[in-house]
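Colleague: whatever this is, show me its structure:
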Amino acid sequence: MLSDVEIAQAAQVEKITSAAAKLGLTEDDLEFYGKFKAKISADVWKRIEKNPDGKLILVTAITPTPAGEGKTTTSIGLADAFARL
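Modeller: A predicted model of the protein is given here:
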């Protein structure tokens, strides 16, 4: 079984601009934190809130085990599921 570090090193990371483009977001819609992560500007919500095809899903908490396990796995699972919506 691969360690977490080995899995991370083997991952093919996609630039955040490419992922954002799949959602119809431009670079102006993002607040960058490097090449691979960003926050979406609050102004985007104003632009899409009346979109009839838009969906809002609020995730209010992710509860890890006492050892702190599960946060990343849950986040990746949610991202994969949201991509299918």
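
Colleague: what about the nearest residue to L30 once chain neighbours are set aside, neighbour count?
Modeller: Here the nearest residue to L30 in space, its sequence neighbours aside, is A38; by Cβ to Cβ, 6 or more residues apart in numbering that works out to 4.0 Å. The C-beta positions use only the backbone N, C-alpha and C, and glycine is treated the same way. A38 has 19 neighbouring residues, counting by other Cβ atoms under 10 Å.

Colleague: same check, this time on the one 5 residues further on
Modeller: Taking other Cβ under 10 Å as the neighbour definition, D43 ends up with a count of 9.

Colleague: could you dump the helix or strand it falls within to PDB, C-alpha only?
Modeller: Element membership for D43, per DSSP states H and E: helix 42-48. Extracted as PDB, the C-alpha positions of helix 42-48 are listed here (Å, rounded to 0.1, in the frame of the first residue of the first chain):
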ATOM      1  CA  ALA A  42     -18.000  36.800  -3.800                       C
ATOM      2  CA  ASP A  43     -18.900  38.800  -6.900                       C
ATOM      3  CA  VAL A  44     -19.300  35.500  -8.800                       C
ATOM      4  CA  TRP A  45     -22.400  34.700  -6.600                       C
ATOM      5  CA  LYS A  46     -24.000  37.900  -7.700                       C
ATOM      6  CA  ARG A  47     -23.500  36.900 -11.300                       C
ATOM      7  CA  ILE A  48     -24.900  33.400 -11.100                       C
END
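
Colleague: coming back round to it: okay, the residue nearest to L30 and D80: tell me how far apart.
Modeller: 19 Å (Cβ to Cβ, to the nearest Å).

Colleague: need the contact partners of whichever helix or strand comes after the helix holding D43.
Modeller: Proceeding N to C from helix 42-48, the next assigned helix or strand is helix 71-83, under DSSP H and E. For helix 71-83, contacts defined as Cβ atoms under 8 Å, 6 or more residues apart in numbering pick out I57, V59, I62, P64.
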